[in-house]
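J.: task: produce atomic coordinates for the following.
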Amino acid sequence: MALMPRRVKHRKSQRGRIKGNATRGNRVVFGDYGIQSLEPGWIKAATIEAGRIAAQQYVRGEGKLYIRIFPDKSVSSTPLETRMGKGKGEPDFWAASVKPGTILYELSGVTEQQAKVCFARLASKMPVKVRFVSRRPA
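T.: Residues are numbered from 1 along each chain as shown. Have a look, this model is predicted:
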């Protein structure tokens, strides 16, 4: 089941613009390794779920996967071949708005080589360019 908020204040949201780099959620905190977004974009809830499944299948209970993004933006669309007018379309899907530098997923309990292979599988599913990062010593 794809992620979505339990309830929201407003059903439909405006598109907006993604400006600047991430100042929060931009370093590995929970795990040892992570993948970081290099460009802005929306990541659909279904894409987040597809990444989770791909990582879980590779890790197979050895390590722990942390998902650091949540789809809290509703994206609406009007049906195809509909005439102009008649207002804004119905919410179509939920997406997470991602800035450059945001950590998307984290892994702990696996070796660096295993994490790299796992995140390479995950990166192919992401709609934004990502890179492999590891935790900085505090």
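J.: what separates the residue of the chain most remote from its centre from A50, distance-wise?
T.: Ranking residues of the chain by C-alpha distance from their mean position (CA atoms, centre = their mean) puts R83 at the top, at 33.1 Å. From R83 over to A50 the distance is 34 Å, taken as CB to CB, to the nearest Å. Glycine gets a C-beta too; all of them are placed from N, C-alpha and C.
J.: R24 too?
T.: In terms of CB to CB, R24 sits 25 Å off from A50.
J.: okay, those two: which has more neighbours?
T.: Legend: neighbour count by other CB atoms under 10 Å for R24 and A50, higher for A50 (15 against 8).
J.: residues contacting the more buried one?
T.: K125 (CB atoms under 8 Å, 6 or more residues apart in numbering).
J.: distance of it relative to A123?
T.: Distance, A50 to A123, by CB to CB: 12 Å.
J.: swap in Q14?
T.: Separation of Q14 from A123 (CB to CB) stands at 30 Å.
J.: how about R68?
T.: Noted for R68: a distance of 15 Å to A123, by CB to CB.
J.: ok, now G41?
T.: Going from G41 to A123 by CB to CB gives 14 Å.
J.: buried set for the biggest helix by length in the chain?
T.: The longest helix of the chain (DSSP state H) is helix 45-59. By 16 or more other CB atoms under 10 Å, the buried positions in helix 45-59 come out as 45, 47-49, 51-52, 54-55, 58-59.
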